[in-house]
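Peer 1: Just a sequence and a predicted model for now, questions to come.
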Amino acid sequence: MRSRIFLPLLLSTSVLASPSPVGQAVLGNLASEWDRVKQSTTHFLSDAQKSILNDKSDMERWSHEGKQYIKQNELLYELVSHPLFNNHQLRVTEPRLCDPDVKQYSGYLDISETKHLFFWFFEAREAPEKAPLLLWLNGGPGCSSSTGLLFELGPCSIANQGHNTTYNPYSWNKHANIIFLDQPVQVGYSYDEDGDTVSTSPAAGQDVTAFLQLFLDRYPKYSTQPFHLAAESYGGTYGPNIATVIHKKNQELLLAPNPYLKHINLASVILANGLTDPKIQYGSIPDYVCGGPYPVYPDPEDPQCAALRTKIPTCQRLIESCYKYNSRLTCVPAVLYCNSQIMGPLIQTGLNPYDVRKKCDRARDGDLCYKQMGWIDVWMNDLKNKVPLGANPQKTFQSCNMDVNKAFTLQGDGMHNSALLLPDLIADGVRLLVYAGNADMMCNYMGNELWVEALDTPFKAEFASAMALPWIDSADGRQAGGVRSAGGGGFTAGNITFVEVYEAGHMVPYDQPSAALDLITRWLSNTPLS
């Protein structure tokens with residue numbers, strides 16, 4: 001849910017003119033720049049790759065030992081197609097960055113001739129053949145999953161102003177095969193050659209499902225174990241939509257089996273400090289900032305607290321209209337009012353909205369209050385990393401794309417009630433884990449717990465009566481948080497589980513890496529958390 005504060009849309013006019021000497025000079029400069037990039041790209045290819053590509057023209061395809069290959073942007077890819085997805089293909093490389101001791105795949109899902117989604121896969125460090133498959137998505141909207149990879153839970157952590165990485169002993173790929181996917185297009189390395197982007201979460205779900213089918217068809221050994229969809233921040237909106245598409249496709253496959261399609265073993269949805277039910281979550285903001293564990297206003301009777309509370313009814317009425325009519329005309333006003341009138345004053349306090357224990361100096365720390373975000377951009381834009389990853393060398397990586405953010409905002413996408421999509425999944429046995437760091441103001445833990453409690457499922461009464469129990473990090477014996485759970489009779493991690501993570505902000509694996517690894521390990525193995 002980061003950068004939710006709406007940025008005013010600046011309208012301008014453009015004048016189209018016929019080619020001029022200046023325009024021709026610009027085109028010439030671009031051509032020269034691409035020649036320079038091509039030479040640099042070649043420098044970072046292996047000798048074997050250089051030899052293979054030497055006599056090939058760009059976009060040329062060929063077969064070798066039963067596999068298809070393509071040369072594109074001076075890079076070598078294995079080309080993966082699927083008979084039922086004519087508009088989709090995978091271009092895959094095998095890097096050895098970040099965690100060179102595990103098997104890796106990276107590259108692009110080509111959705112069409114112009115749209116390309118970047119992914120990076122890591123095998124589990126331990127027993128990958130038995131490990132579940134986990135898909136990780138960051139939020140924003142508009143933020144790359146490389147943020148999760150290099151800053152939170154991935155095999156390596158960004159370091160040295162972006163000029164290096166360090167080994168992460170708490171990486172979630174210890175016991176899981178993990179895919180990090182940059183979606184929608186125009187996020188991270190993902191791009192659209194025409195500059196278009198997806199601006200709604202349901203549309204994003206179709207592309208992710210196609211990606212999984214192609215990936216699992218090419219690498220079937222990862223298709224036999226449980227599949228878990230994990231999404232952070234605005235992923236609280238993405239996640240239920242994507243899981244719903246996967247679930248519907250599975251149901252269609254049960255009714256009409258097709259040997260060319262994989263049943264995706266959707267075992268759970270994991271939502272991390274997410275935005276899922278805005279009406280409930282925005283309503284919780286005054287309680288959090290005026291009476292939470294790290295109060296922004298220590299006195300609940302403070303005038304700022306009273307002012308916030310007076311604005312909640314209007315915010316919630318606007319969100320209700322969005323829920324009811326589900327249109328831009330009703331949803332965009334809710335975004336504008338709730339963010340400007342409720343979140344706006346809180347941003348102006350100078351606190352880090354993702355961790356209210358800290359100040360945010362944007363001149364020093366960047367717009368998102370973490371200087372490491374800029375470091376990630378440095379590392380991901382270095383050709384010596386781009387080339388092994390198969391990233392388009394002509395594209396500039398951005399951790400967060402504000403144009404995508406604005407596109408989703410102007411659809412009112414973030415004001416939809418994605419929680420409504422979850423009961424059908426839960427009724428069919430898909431488990432739900434919602435966790436939240438208790439120092440996060442953007443998507444606070446109080447609101448997350450309240451919307452989970454309100455879910456209309458067979459477990460509703462059981463969850464409502466469930467008391468929070470201590471969650472002890474098995475690695476150090478420290479109480480890492482509190483857990484409420486329903487389903488499983490205490491013998492599993494539960495069918496619906498909420499975890500408040502102590503001393504953590506919006507990005508729990510960054511603030512509490514050991515505890516986050518303990519949490520995900522127990523959840524994936526369906527072992528009780530308390």
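Peer 2: Looks like it arrived, so ask away. Numbers count the residues shown, from 1 in each chain.

Peer 1: just the helices in the stretch 201-350 of the chain please.
Peer 2: Using DSSP state H, counting those that start in this stretch, the helices of the stretch 201-350 of the chain run over 201-218, 235-255, 278-283, 285-291, 303-325, 328-338, 344-347.

Peer 1: Output the ones you listed as TSV; include the columns mean pLDDT, mean neighbour count and distance to Ile52.
Peer 2: Placement of C-beta: from N, CA and C, glycine included. Converted to TSV, these look like this (pLDDT from 0 to 100; neighbours: other CB atoms under 10 Å; distance: least, CB to CB, whole Å):
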stretch	mean pLDDT	mean neighbour count	distance to Ile52
helix 201-218	85	21	20
helix 235-255	94	21	36
helix 278-283	98	24	51
helix 285-291	97	21	56
helix 303-325	96	16	53
helix 328-338	94	19	49
helix 344-347	94	16	52
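
Peer 1: Tell me which of those approaches Asn138 most closely.
Peer 2: The minimum distance between Asn138 and the helices of the stretch 201-350 of the chain falls on helix 235-255, with 6.5 Å, by CB to CB.

Peer 1: tell me how far that closest one is from the chain's mean position?
Peer 2: Its chain's C-alpha centre and that of helix 235-255 lie 16 Å apart, by CA atoms, centre = their mean, to the nearest Å.

Peer 1: Next, the angle helix 201-218 makes with that helix.
Peer 2: 60 degrees (axes from the mean of the first three to the mean of the last three CA atoms, to 10 degrees).

Peer 1: Check which helices and strands helix 235-255 sits against.
Peer 2: For helix 235-255, the packing partners by 3 or more CB pairs under 8 Å, 6 or more residues apart in numbering; DSSP states H and E come out as strand 133-137, helix 201-218, strand 227-232, strand 266-272, helix 422-427.

Peer 1: For it, list the C-alpha coordinates in PDB.
Peer 2: Provided in PDB are the C-alpha atoms of helix 235-255 (Å, rounded to 0.1, in the frame of the first residue of the first chain):
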ATOM      1  CA  GLY A 235      -0.700  -7.200  -2.800                       C
ATOM      2  CA  GLY A 236      -3.600  -7.400  -0.300                       C
ATOM      3  CA  THR A 237      -5.600  -6.400  -3.400                       C
ATOM      4  CA  TYR A 238      -3.700  -8.200  -6.000                       C
ATOM      5  CA  GLY A 239      -3.500 -11.500  -4.100                       C
ATOM      6  CA  PRO A 240      -7.200 -12.400  -3.800                       C
ATOM      7  CA  ASN A 241      -7.800 -11.400  -7.400                       C
ATOM      8  CA  ILE A 242      -5.000 -13.600  -8.700                       C
ATOM      9  CA  ALA A 243      -5.900 -16.500  -6.400                       C
ATOM     10  CA  THR A 244      -9.500 -16.300  -7.600                       C
ATOM     11  CA  VAL A 245      -8.400 -16.600 -11.200                       C
ATOM     12  CA  ILE A 246      -6.200 -19.600 -10.400                       C
ATOM     13  CA  HIS A 247      -9.100 -21.200  -8.400                       C
ATOM     14  CA  LYS A 248     -11.600 -20.700 -11.200                       C
ATOM     15  CA  LYS A 249      -9.200 -22.200 -13.800                       C
ATOM     16  CA  ASN A 250      -8.700 -25.200 -11.500                       C
ATOM     17  CA  GLN A 251     -12.500 -25.700 -11.200                       C
ATOM     18  CA  GLU A 252     -12.900 -25.500 -15.000                       C
ATOM     19  CA  LEU A 253     -10.100 -28.100 -15.400                       C
ATOM     20  CA  LEU A 254     -12.000 -30.400 -13.000                       C
ATOM     21  CA  LEU A 255     -15.100 -30.200 -15.100                       C
END
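
Peer 1: ok, then the element right after the helix or strand of the chain with the lowest mean pLDDT?
Peer 2: The weakest-scoring helix or strand in the chain, judged by mean pLDDT, DSSP states H and E, is helix 21-43 (a mean of 56). Where DSSP states H and E defines the elements, the next helix or strand beyond helix 21-43 is helix 47-53.

Peer 1: What average pLDDT does that next one get?
Peer 2: For helix 47-53, the mean pLDDT works out to 88.

Peer 1: before we move on, back to that, redo the helices and strands packed on helix 235-255 as TSV? Include distance to Gly412.
Peer 2: Below are these laid out as TSV (distance: least, CB to CB, whole Å):
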stretch	distance to Gly412
strand 133-137	20
helix 201-218	11
strand 227-232	19
strand 266-272	20
helix 422-427	20
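
Peer 1: Ok, which of these comes nearest Ile70?
Peer 2: helix 201-218 (14.4 Å).

Peer 1: Show me the contact partners of that closest one.
Peer 2: With contacts defined as CB atoms under 8 Å, 6 or more residues apart in numbering, helix 201-218 is touched by 80-82, 84-85, 88-90, 92, 109, 111, 115, 117, 119, 121, 135, 179, 181, 183-184, 198, 222-223, 227, 237-238, 241-242, 244-246, 249, 260-262, 264, 413, 416, 418.

Peer 1: Counting neighbours, what do you get for the closest residue to Ile270 other than its chain neighbours?
Peer 2: Leaving aside its sequence neighbours, Ile270 sits nearest to Ala230 (CB to CB, 6 or more residues apart in numbering; 3.9 Å). For Ala230, the neighbour count with other CB atoms under 10 Å is 24.

Peer 1: Ok, Asp473 next?
Peer 2: Asp473 has 17 neighbouring residues, counting by other CB under 10 Å.

Peer 1: Just to check, it is in contact with Asp518?
Peer 2: Yes: using CB atoms under 8 Å, Asp473 and Asp518 qualify as a contacting pair, with a distance of 4.8 Å.
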